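Enquirer: Take this sequence and fold it.
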Amino acid sequence: MANYKRDRRNEEIRREIAEILKDIKDPRIPSMPSVNSCDVTGDLEEARVYVSFFTDYDEKEVKQGLKASAGYVRKQLAERLNMRNSPKIYFILDHSVETGARINEILKSLNTKDSE
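Expert: Next up is the predicted model:
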């Protein structure tokens, strides 16, 4: 039962952070962020948020932008979810989408070589 409640809380926080990130005007953060998952500790002190982007970006700049906006995201999260204490947000760039796209390209190239 505890896992169900934790999963539900993680998903709710993930959804809200995704909406908040769309409104951030920091030029270092590319448009169209995708929040892949969120892992909140049991005591709601910390949240690791896995984010990916569909455009090309400078990883160092994006990390700085996300780190700078973490306080704003935390404040908005507390207001939207009516939380007394909101978790400290740690953004982690997730490269799984890029890795999947690269694997897909490799598989496509193998298929074209086999058909020739």
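
Enquirer: what's the helix or strand for the residue nearest the centre of the chain?
Expert: Closest residue to the average C-alpha location of the chain: residue 51 at 2.4 Å, with C-alpha atoms, centre = their mean. Assigning secondary structure by DSSP states H and E places residue 51 in strand 46-53.

Enquirer: coming back round to it: in the sheet, who's paired with the residue nearest to the centre of the chain?
Expert: residue 35, residue 93 (DSSP bridges).

Enquirer: for it, what are its contacts?
Expert: Under the criterion of C-beta atoms under 8 Å, 6 or more residues apart in numbering, the neighbours of residue 51 are 21, 33-36, 66, 91-94. All C-beta atoms are positioned from the backbone trio N, CA, C, and that covers glycine.

Enquirer: List the buried residues of the strand holding residue 51.
Expert: 47, 49-53 (16 or more other C-beta atoms under 10 Å).

Enquirer: and for the next helix or strand after that strand, what are the contacting residues?
Expert: Next in sequence after strand 46-53, counting helices and strands by DSSP H and E, comes helix 59-81. Contacts made with helix 59-81 from outside it, assessed by C-beta under 8 Å, 6+ apart, are listed as 12-13, 16-17, 19-21, 24, 26-30, 51, 53, 83-91, 93.
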